[in-house]
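Student: how would this look folded up:
(one chain, ligands or ions: 1)
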Amino acid sequence: MKGLVHKKDFLTLAAGLILSLAPATIFSQKKYFQQNVNYIIHVTLDDTKNILKASETIEYTNNSPDELTFLYFHLWPNAYKNNSTALAKQLLENGKTDLYYAEEDEFGYIDSLDFFVDGKKTKWEYDPENIDICKLILNEPLKSRNKIVIETPFKVKIPKSGFSRLGCANQQYQITQWFPKPAVYDVNGWNQMPFLDQGEFYSEYGKFDVFISVPKNYVVAATGDLVDGEEEQKWLDENAEITRQWLDKNVTTTEPAKAIILNVDTTPKSDSSYKTLHYSQKNVHDFAWFADKTYKVLKGEIELPYSKRKVTTWVMFNKSESKLWSKSIQYINDAVYYYSLWNGEYPYNHATAVFGGLGAGGGMEYPNVTVIGPTKTDRELEVVIVHEVGHNWFYGLLGSNERVNAWMDEGINSYYENRYMETKYPGALLFENSQKSLLKIFSLNKYKRRYQNYLTYLFSARTNEDQPIATHSKDFTDFNYGAIVYAKSAVAIGYLSAYLGQDVFDEAMRSYFEEWHFRHPQPKDLKKILEEVSGRNVDWFFNEMLTTTKKVDYKIKSSKKLGDGSYDLVIKNKTNTLSPVPIYGIKNNNIVAIVWYDGFPGKQYVGFPPLDVDYFKIDYKEDVQEINRNNNKLRTHGIFKKTEPLKLQFLGSFDDPTRSQVFFTPTIGYNNYNKTLVGLALYNNITPQKKVEYLFAPMFGTGNKELAGHANMAFNFCPRGPLFQLVNIKISANRYAYNDYPFVLNYEKISPELNLKFKKRNARNPLHQNINYRYINITKQTFTGQYDQPTPVYTKDSTFLSFNEITYTLKNKQKINPYDLSLTYQQGKDMSKLFLNVNYEITFKGRNRGIDIRFFAGTFLNNTNSYPYLYRMSGQKGSQDYLFDNYYMGRNEYGNFLSKQFTETDGALKVYTPLGQTNNWLTALNIKSSLPLIRFPLRFFMDVGMIPKEGSIFNKEIFFYDGGITFSLVNDICEVYFPLFMSKDIKANLELNKISYGESIRFTLNLNMANPFKLIKDFSF
Ligand SMILES: [Zn+2]
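Tutor: Coordinates of the predicted model:
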């Protein structure tokens, strides 16, 4: 499969690995065998009810040495039966809610099963855990070397397309993973598994004879060759001819190709008469078919590189895709040619790609035939087609177990996909379709296509969220399935091939193909062949690179020229991962020598041949997934041997190891005291995370004519132990103005903090835990004196405040009903308090946001000098933000628009009341809810809160409430609250103070000034 990896989330692994390796070790004494399964299937499509009526006859040969008393069968259409199947759960965990929220008629299933074995009715039962697996209990044991014939009718209700692979929409049918199919029985025993999105395949080889009956006007693409299908063949050829002529007339290829809106074809009525097409194919492990009445067809042919045998190629697509797909035959032809050249020849007669409305784009592979989702550009379509056609090798011909070793197809296949693109388009860049001038501005015009895989890996690895390549498919996070199985594996295999040498690697891969095609290879089988062919040890790859998350980072420390002209280089292995390291000698930007050194721990002297070089560089060609490429270069001459020239870069770019990058952007801000702020931000990183990150953003307040701004510096560590995933140490500083009537003054805040992110035992667990400690030091300018005198006398002074705060946070980021909880202990000179904040969201289907519930409870442990630190029923206004944590346009305003800004802390009532302030305890419940029939951004809010009488500053009211309508200008950032009702005392107090309705409307503006990029991230994630 090819999911498009966008920008777009360990110990279990160890356990999982042991568990998955254990049977392999126990059974490894057994000799390799594989079962043989031949199918005859008759199937009729009812396109009014989206139902398949079918019968199946299976000839099952037991080639194992064991006697089988039962067989496991996959009934994978049942994966779509309801929203609690293994598939539905995995999709939901991955953040996809379609199947979870599906309507009754959108689900799919398989039923009407009635198994007969050798003509005798046979008992079967559903797997207790998965309704898409069943156990067929044989009447008599199936002895080794014997075969049985299994027969059953079945009916499939086809689900709506877009949930996963099987589906239909607008009478376009993707009939995949659709028939009862025995699970694989191999040296490890039974490999029964529910259908999942991640790690789709492991199947037995055999021969398929499938008879498909559809209304006559359907165009069908399927696994296998048409038998006695001259008439159908002629019809397809005619369609191809018409399509070609139509394209020649209507599609000008000079125009940039672009996808038009999907499904513009009006679906014609189905023919009342049916045709039956017989497809036959041996040596495949799956059978899929696709049908659409509006498919346009193109036909081509490619001659294989060695045998010169010809393979027919087909593409089928809808009219809406015509422009994009007009050149697609060439993509299939080239894919079949190169994969045959590099690995071994395509043994079948046709290779076909069809367009299909797969949910999120990407594509999906089946033997001979692949389905390609919507794509946007020529290049994207080519990549997806090449990738899916390539799976005919790494999945189809080399039938590894994708559920356990997904890298053996997705990883190796992604490597060849990259190789194809680099061979066909040497020097192709990462961003090709964007505007050249823009790319230049952001220095994005120098990244090669292959950088994408490396970068995707970095996103995961730099935050220590990566998982070993050899992780079980179902245990990968959604993000890592792309970032590790596809991206890191592809880079790592490129690393391996660079180490062995391209020719040697190719020879080994051809031997691998020769020995293992139509079979089930394991990692050890590939390792054995690589070592036999190359004569080298690749333990580092199989025992460390695949099975651990150890990073690679070599550093070149120094060089010394020796008497004979050769060099002594000092290389340091900063991660102690024992993988080989290539060192290049470069003269006038040409490679003069490459020397590979086997991995070593710590610091080591290595020799380099006597050559005239300008500089040495580790991994000059960027084959290695080096976590830090900035310490790879050393010049032989000059003073600054390691320093790269400074590059000031507007806004930001990716890492460029050939430059010392400093990013900059002009900044602008506003508050009522500095007035308009202008300045410049200098920083070294946007994403992915770096070890050291800084931001320095001085600004000038045009109102008070003083310096303001903020700065921070952070250090990120990925500790090895089992406790923490990430340790972040950060120091930040702010200086802005506030006021103390009638003066405009400055405050300065310095805050060092420590963030500890706990490691999760199961990477897919949506629970995240964090501990944050921060020390907050605030220096406020103050004035003392008598300024109400005719001649005021005052002296400038400073107040120092300091606080310690420790917060534990638990976050559940699940898609349905997410919640978080934080417990904070805060301590200052005159007070200490403890408070709990809980947020729970009840998720609604569709566009409305659901219900947000907040619970707050806080108590003082000590409050000697109470007033500034009170718990407040109405949250914090600017003047009450004693930690200077939040951004206020007017920090100390009364009675004007700016004074209506508040932060939802403490009681978080939306109406302001001075009544509910306490130095004792406070508890509150806040609800915001979408309304029936009214779409977000309008929501209903209601708050209730309570304080004890003792400690309330008016010593009076204890219970408060309010409610009304909220309008979100920017979700969770800027919201306006219109009160509709409130408790009696609040109302009386408003009237007493002559507060009009308009004045009771307040708003929030949650901008974190300390880090403007947090804001960008808030918006983008
Ligand atoms: Zn794939």
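
Student: ends of stretch 913-922, how far apart?
Tutor: In terms of Cα to Cα, to the nearest Å, the two terminal residues of stretch 913-922 are separated by 14 Å.

Student: oh, I was asking about stretch 757-769
Tutor: End to end - Cα to Cα - stretch 757-769 spans 6 Å.

Student: neighbouring contacts of it?
Tutor: Stretch 757-769 has contacts (Cβ atoms under 8 Å, 6 or more residues apart in numbering) with 10-13, 93, 465, 467, 475-477, 480, 722-728, 770-771, 808-814, 818. C-beta coordinates here come from the backbone N, C-alpha and C atoms, glycine included.

Student: narrow the residues you listed to those in strands?
Tutor: F724, Q725, L726, V727, N728, N770, I771, Y808, T809, L810, K811, N812 (DSSP state E).

Student: Produce a ChimeraX select command limited to the buried residues of those residues.
Tutor: Applying 16 or more other Cβ atoms under 10 Å to the ones in strands among the contacts of stretch 757-769, the buried members can be selected in ChimeraX as follows:
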select :724,725,726,727,728,770,808,809,811
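
Student: nearest to the ion among the ones in strands among the contacts of stretch 757-769?
Tutor: For these, the closest approach to the ion (Cβ to the ion) belongs to Q725, at 28.6 Å.

Student: please look at that closest one and N464 and confirm they touch.
Tutor: Yes: applying Cβ atoms under 8 Å, one finds Q725 in contact with N464, separated by 5.0 Å.

Student: overlap in contacts of those two?
Tutor: Joint contacts of Q725 and N464 (Cβ under 8 Å, 6+ apart) are C718.

Student: hey, C-alpha coordinates of the helix or strand containing L823 in CSV?
Tutor: Using DSSP states H and E, L823 sits within strand 819-828. Only the C-alpha atoms of strand 819-828 are listed here, as CSV (Å, rounded to 0.1, in the frame of the first residue of the first chain):
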residue,chain,number,x,y,z
TYR,A,819,-9.5,14.2,28.0
ASP,A,820,-6.7,15.7,29.9
LEU,A,821,-6.0,16.2,33.5
SER,A,822,-3.4,18.4,35.3
LEU,A,823,-2.4,18.7,38.9
THR,A,824,-0.4,21.7,39.9
TYR,A,825,1.4,22.7,43.0
GLN,A,826,2.4,26.4,43.2
GLN,A,827,4.5,28.0,45.8
GLY,A,828,5.6,31.6,46.4
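
Student: buried residues, that strand. List them.
Tutor: Y819, D820, S822, T824, Q826, Q827, G828.

Student: for the first one, give me its contacts.
Tutor: For Y819, the residues meeting the contact criterion (Cβ under 8 Å, 6+ apart) are K811, N812, V838, N839, Y840, E841.

Student: quick check: bridge partners of the fourth one?
Tutor: What that stands for is N839. Beta bridges link N839 to D820, R854, judged by DSSP bridges.

Student: in this structure it contacts N812, no?
Tutor: No: checked against Cβ under 8 Å, the pair N839 and N812 is beyond contact range at 10.2 Å.

Student: who touches the host helix or strand of Y605?
Tutor: Assigned by DSSP H and E, Y605 belongs to strand 602-608. Residues outside strand 602-608 that contact it (Cβ under 8 Å, 6+ apart) are 557, 559, 566-573, 576, 583, 585, 593, 595, 597, 616.

Student: so how far is that strand from its chain's centroid?
Tutor: 38 Å (Cα atoms, centre = their mean, to the nearest Å).

Student: which helices and strands sit right next to whichever helix or strand comes after that strand?
Tutor: Beyond strand 602-608 in the direction of the C-terminus, DSSP H and E gives the next helix or strand as strand 615-618. Applying 3 or more Cβ pairs under 8 Å, 6 or more residues apart in numbering; DSSP states H and E, one finds that strand 615-618 makes contact with strand 554-561, strand 567-573, strand 581-587, strand 633-635.
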